[in-house]
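Trainee: Mind looking at a prediction? Sequence and model below.
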There are 2 protein chains.
Amino acid sequence: MTEMTVETSLLERFEAARAASIVLATSTGQQRRSALLAVADAIEARSGDVVDANALDLANGREIGLSTALLDRLALSLERVGSLSASVREIASLPDPLGQTVRGSRLGNGLKIDQVRVPFGVVGAIYEARPNVTVDVACLALASGNAGILRGGSAAERSNAVLVQIIRSAAESVGLPADAVQTIDDFGRDGATALMQARGYVDVLVPRGSASLIETVVSSSTVPVIETGSGVVHIVLDESAREDWAVDIVHNAKVQRPSVCNAVETLLVHAAAAERLLPPVLDRLAASGVTVHGDDATRAIWPAAVPADEDEWATEHLSLDIGVRVVDSIDDAVAHIRRFSTGHTESILTEDVATAERFLAEVDSAVVMVNASTRFTDGGEFGFGAEVGISTQKLHARGPMGLAELTCTKWIVRGSGQSRA
Amino acid sequence: MTEMTVETSLLERFEAARAASIVLATSTGQQRRSALLAVADAIEARSGDVVDANALDLANGREIGLSTALLDRLALSLERVGSLSASVREIASLPDPLGQTVRGSRLGNGLKIDQVRVPFGVVGAIYEARPNVTVDVACLALASGNAGILRGGSAAERSNAVLVQIIRSAAESVGLPADAVQTIDDFGRDGATALMQARGYVDVLVPRGSASLIETVVSSSTVPVIETGSGVVHIVLDESAREDWAVDIVHNAKVQRPSVCNAVETLLVHAAAAERLLPPVLDRLAASGVTVHGDDATRAIWPAAVPADEDEWATEHLSLDIGVRVVDSIDDAVAHIRRFSTGHTESILTEDVATAERFLAEVDSAVVMVNASTRFTDGGEFGFGAEVGISTQKLHARGPMGLAELTCTKWIVRGSGQSRA
């Protein structure tokens, strides 16, 4: 295939997405809901095909030496396919985000101005080895009246192809254009490059995956990007933290699913509570196979910790490893977070309401918590049905991105002959 | 000055902005309001200094051959200085955008989640020859709890220096950091380049000015950008349009201030109304010195029009020139707009409600109007006090950008020991 052929046919896909987006923008909520229910039905009816295709991707992944964490993200068991269709049904049950008036007023000159919610148009996603993202992004896009162009990566190519085909057929079955959802996995790297340069065709691009993938998209894309994901996530144990909550929440945040971005990576403990809290918290982690990377003060209290090296505080392990540091005050904890956090999620465990409110006000991350596990930063948990990703930037969307985050607004102005004085 | 010196001291400014932003984020609305009133007072007290500095910039601008349109944008008469302080007072009178809860719910597991409005942190602006933008952006940033870094260009350097100094002193006079507002005009082009690469220091960058300036910022910046401004703005005269409104609104939209982005550039006229409407509308424009660039059908009806060349429909004249084309239907008008609009503002003049609603639904621009002049797309007119710019992209902000557009949100999660199942 010559490069020119690649470019021409990619352009045709982008144009098809734009054309589909025009139809979607004036579709009814009822139509889009029907399409989603058809997707859920078809995923269930064809779950065997999905798992078979995924088995081929997994075999190939093991052959090319994908990491355990990546293979875990890639795998679609029958149970995971079931939870995919359940999340599509949940998206279908949410209120239609389109047409809603965000703000409105009547000006002194009689003009009526209303800011109303409309779809972006065409949403692009670049991700790696996660076929569940294919369904989540495609269905959130469809539900919010956007066309989607997906580049899911070669590792999940077979799984993605089956899932995209299911979604396209379902859209068509209710009279919406099949091109509402397209994959460009078949174009390999050229497809990703073209998608990042498709300004004018694609309205927003969401990268999801490793830090290096996100960095590449942020620095190479001329399409507006929403940065997602990387999570150097902190839990702070205040002087007043309850021991039972500290043990349970830190364990849950580290161990329940260590490979994902909302897992905790650094534990900061108030010096006045370190002797009380570190032994039970770290014993419980160690019992689950977690390696503790401690600073000197931590190791003095809990000698089994390995010494934290100088990169520890900036490291997103995504594994059963955690950095632990003793801090002298909440000021110190906030300063540490300001320096090392990636702005994803931070939680403080405290019984003191003034400390809690101060932490909530001063920590500038997408999600700031009191007395809860960081694992709750998730579109599904927040009631969004699914998520396009978790935005760690501040522009447009911050935190889990659901339907509302896939819309923009336009201003509608109704006059009766007004000119500007 | 060596390049290293430049970079080091620029970095110091960026760090000072970040430090100021931390103070601003927890400042009270009352403090920020007091700062703005102090700015307005000081602008009035020192209006002579402002006009004097501006006179030097204007003299220099004439010497280096700035266009009439640029000189018009650069000029600050005593009257315009008065309207600057009036707009600062208007911003001060608006409700505080910070702390507001955008969405909130209590989840089934008892977690309380709230999405609250917070400042971006540090806002950057790159613009040209418009000292009023210095005041508008700095004061909107201050009012919304953001630090601002301004690069206003060499043509307005003296005017900007006086204005920034006024704003810094006013901030300090109420106990806020002077570094809440900084100019980097003294670093020349190096300053602009560094600002575009200041990811991690600057949260959002707004370019305002010529199409080429905006294009440079969009393609070179690693800081998230909100694209503003360029306006190939359309007015459509439907078959049912009232003649008196057509004559007044088209004249107002073209002639009142032709050098700005919300001035109309293209008039599309329904074929069934062309003979009735074109003569009075174009006669009125011609009487104000407008050159009409018409298609063949227009010239058949109104022979004084010059032939539109092939670039006409994509041209933003910013002058007393207008393109005029006869279309066969509203479908044709919408298709023309889809192809040539820059997504700024389009208005239809019609008496038919179904046509009006269709136009509002199908045209995908920041502002879509019925029976009103496109000149109303403006932060001041919309009741925002002023504007940072008019966003023509879809991410985060669309249309005139006021206080709310300079904020982002974060999620606050309050728990009582919850872990994820």
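Mentor: Arrived safely, thanks for sending. Numbers count the residues shown, from 1 in each chain, chains lettered A, B, ... in the order given.
Trainee: Do you know the pLDDT at whichever residue of the stretch 1-150 of chain A sits closest to chain B?
Mentor: Relative to chain B, the nearest point of the stretch 1-150 of chain A is A:Phe120 (5.4 Å; Cβ to the nearest Cβ). Heads up, the C-betas are built off the backbone N, CA and C, glycines and all. As summarised for this prediction, A:Phe120 has a pLDDT of 96.
Trainee: Please apply the same query to A:Ile226.
Mentor: For A:Ile226, pLDDT reads 89.
Trainee: from the chain's centre, how far out does stretch A:77-85 sit?
Mentor: Offset of stretch A:77-85 from its chain centre (Cα atoms, centre = their mean, to the nearest Å): 19 Å.
Trainee: Show me what A:Leu267 bridges to in the sheet.
Mentor: A:Ile235, A:Val324 (DSSP bridges).
Trainee: Contacts only, for the residue of the stretch 1-150 of chain A closest to chain B.
Mentor: Residues in contact with A:Phe120 (Cβ atoms under 8 Å, 6 or more residues apart in numbering or on different chains) are A:Ser144, A:Asn146, A:Asp203, A:Val204, A:Leu406, A:Thr407, A:Cys408, B:Lys394.
Trainee: try 7 Å
Mentor: A:Asn146, A:Asp203, A:Val204, A:Leu406, A:Thr407, A:Cys408, B:Lys394 (Cβ atoms under 7 Å, 6 or more residues apart in numbering or on different chains).
Trainee: Which residues are in contact with the nearest residue to A:Leu98 once chain neighbours are set aside?
Mentor: Once flanking residues are discounted, A:Leu98 sits nearest to A:Gly145: 5.3 Å by Cβ to Cβ, 6 or more residues apart in numbering or on different chains. Counting by Cβ under 7 Å, 6+ apart, A:Gly145 touches A:Leu24, A:Ala25, A:Ser27, A:Arg32, A:Leu98, A:Pro119.
Trainee: Just the contacts of A:Phe120: which are in strands?
Mentor: Among the contacts of A:Phe120, the residues falling in strands (DSSP state E) are A:Val204, A:Thr407, A:Cys408.
Trainee: for the second one, what are its contacts?
Mentor: What that stands for is A:Thr407. Contacts of A:Thr407 (Cβ under 7 Å, 6+ apart): A:Pro97, A:Leu98, A:Arg117, A:Val118, A:Pro119, A:Phe120, A:Ser144.
Trainee: Now, of those, which are buried?
Mentor: A:Pro97, A:Leu98, A:Arg117, A:Val118, A:Pro119, A:Phe120, A:Ser144 (16 or more other Cβ atoms under 10 Å in any protein chain shown).
Trainee: Distance to A:Ala69 and secondary structure for those - can I get that in JSON lines?
Mentor: Shown next, in JSON lines, are the buried ones among the contacts of A:Thr407 (distance: Cβ to Cβ, whole Å; DSSP: H, G, I helix; E, B strand; the rest coil):
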{"residue": "A:Pro97", "distance to A:Ala69": "33", "secondary structure": "coil"}
{"residue": "A:Leu98", "distance to A:Ala69": "37", "secondary structure": "coil"}
{"residue": "A:Arg117", "distance to A:Ala69": "37", "secondary structure": "strand"}
{"residue": "A:Val118", "distance to A:Ala69": "38", "secondary structure": "strand"}
{"residue": "A:Pro119", "distance to A:Ala69": "34", "secondary structure": "strand"}
{"residue": "A:Phe120", "distance to A:Ala69": "31", "secondary structure": "coil"}
{"residue": "A:Ser144", "distance to A:Ala69": "30", "secondary structure": "coil"}
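Trainee: returning to what we had before: closest to chain B out of the ones in strands among the contacts of A:Phe120?
Mentor: Scanning the ones in strands among the contacts of A:Phe120 for proximity to chain B, where the rule is Cβ to the nearest Cβ, the winner is A:Cys408, at 4.0 Å.
Trainee: What is the neighbour count of the nearest residue to that closest one once chain neighbours are set aside?
Mentor: Excluding its sequence neighbours, the residue lying closest to A:Cys408 (Cβ to Cβ, 6+ apart) is B:Lys394, at 4.0 Å. The number of residues packed near B:Lys394 is 23, by other Cβ atoms under 10 Å in any protein chain shown.
Trainee: what about B:Lys394, distance to B:Thr291?
Mentor: 33 Å (Cβ to Cβ, to the nearest Å).
Trainee: just for chain A, where's the confidence low?
Mentor: Where chain A drops to pLDDT under 70, the residues are A:1-8.
Trainee: All the helices of it, residue numbers only.
Mentor: Using DSSP state H, the helices of chain A run over residues A:3-25, A:29-45, A:47-63, A:68-74, A:78-93, A:131-143, A:157-173, A:188-196, A:211-220, A:243-255, A:271-287, A:296-301, A:330-340, A:353-362.
Trainee: picking that back up, wait, what's in contact with the residue nearest to A:Cys408?
Mentor: A:Phe120, A:Asp203, A:Val204, A:Cys408.
Trainee: OK, contacts around the second one?
Mentor: Spelled out, it's A:Asp203. A:Phe120, A:Gly121, A:Val122, A:Val123, B:Lys394.
Trainee: how far away is it from A:Val292?
Mentor: Remark: distance between A:Asp203 and A:Val292 (Cβ to Cβ) = 45 Å.
Trainee: In the sheet, which residues pair with the closest residue to chain B within the stretch 251-400 of chain A? Tell me.
Mentor: As assessed by Cβ to the nearest Cβ, chain B sits closest to A:Ala372 within the stretch 251-400 of chain A, at 3.0 Å. A:Ala372 has these beta-bridge partners by DSSP bridges: B:Gln418.
Trainee: pretty sure it contacts B:Leu111?
Mentor: Yes. With contact defined as Cβ atoms under 7 Å, A:Ala372 reaches B:Leu111; the gap is 5.9 Å.
Trainee: Identify the contacts common to these two.
Mentor: B:Val413, B:Gly415, B:Gln418.
Trainee: wouldn't the last one be in contact with A:Ser373 here?
Mentor: Think B:Gln418. Yes. Contact criterion Cβ under 7 Å: B:Gln418 and A:Ser373 qualify, at 6.3 Å.
Trainee: Show me which of these two is the more surrounded one.
Mentor: Remark: of B:Gln418 and A:Ser373, A:Ser373 carries more neighbours, 31 against 22, as counted by other Cβ under 10 Å.
Trainee: Report the contact partners of the more buried one.
Mentor: Going by Cβ under 7 Å, 6+ apart, A:Ser373 touches A:Ile249, A:Asn252, A:Ala253, B:Gln418, B:Ser419, B:Arg420.
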